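>>> Requesting a structural model of the entry that follows:
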Amino acid sequence: MISIPAVAAIIVVLYVLSSIKILREYERGVIFRLGRLLPNAKGPGIILVFVPVDRMVRISLRQEALEVPPQDIITRDNVTLKVNAVIFLRVIDPNHAVVEVSNY
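Take a look at the predicted model:
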């Protein structure tokens, strides 16, 4: 029969293993502890996130391209033009991207 300390040790080991998160070179982890933002984004590498206390949001620092749908415009001399655009964006500060932008 398995003793109570052995069961407790197994639970602690499983908890610690589930708390380990690995962030790639292009990712940062913004951590909220009890709903409050920690001052610095974590990563890259191995970090510990204590599950009931902390919540982590992964942010990619890679450059993204957003394509704007083509728009038809009319110039002053009544010529119709089709204009399209591509927006390139990159996150500089992960904390500001998560906290200050509503739909990131």
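>>> From the chain's centroid, how far away is stretch 20-33?
8 Å (Cα atoms, centre = their mean, to the nearest Å).
>>> can you list contacts of that stretch?
37-38, 41-49, 53-62, 94-95, 97-99 (Cβ atoms under 8 Å, 6 or more residues apart in numbering). The C-beta positions use only the backbone N, C-alpha and C, and glycine is treated the same way.
>>> First-to-last residue distance for it?
End-to-end distance of stretch 20-33 (Cα to Cα, to the nearest Å): 16 Å.
>>> And the average pLDDT for that stretch is what?
Averaging pLDDT along stretch 20-33 gives 96.
>>> Give the buried residues for it.
Lys21, Leu23, Glu27, Arg28, Gly29, Val30, Ile31 (16 or more other Cβ atoms under 10 Å).
>>> Just give me the closest of the residues you listed to Pro70.
Glu27 (33.0 Å; Cβ to Cβ).
>>> Which of the contacts of stretch 20-33 fall within helices?
In helices, defined here by DSSP state H, the members of the contacts of stretch 20-33 are Pro94, Asn95, Ala97, Val98, Val99.
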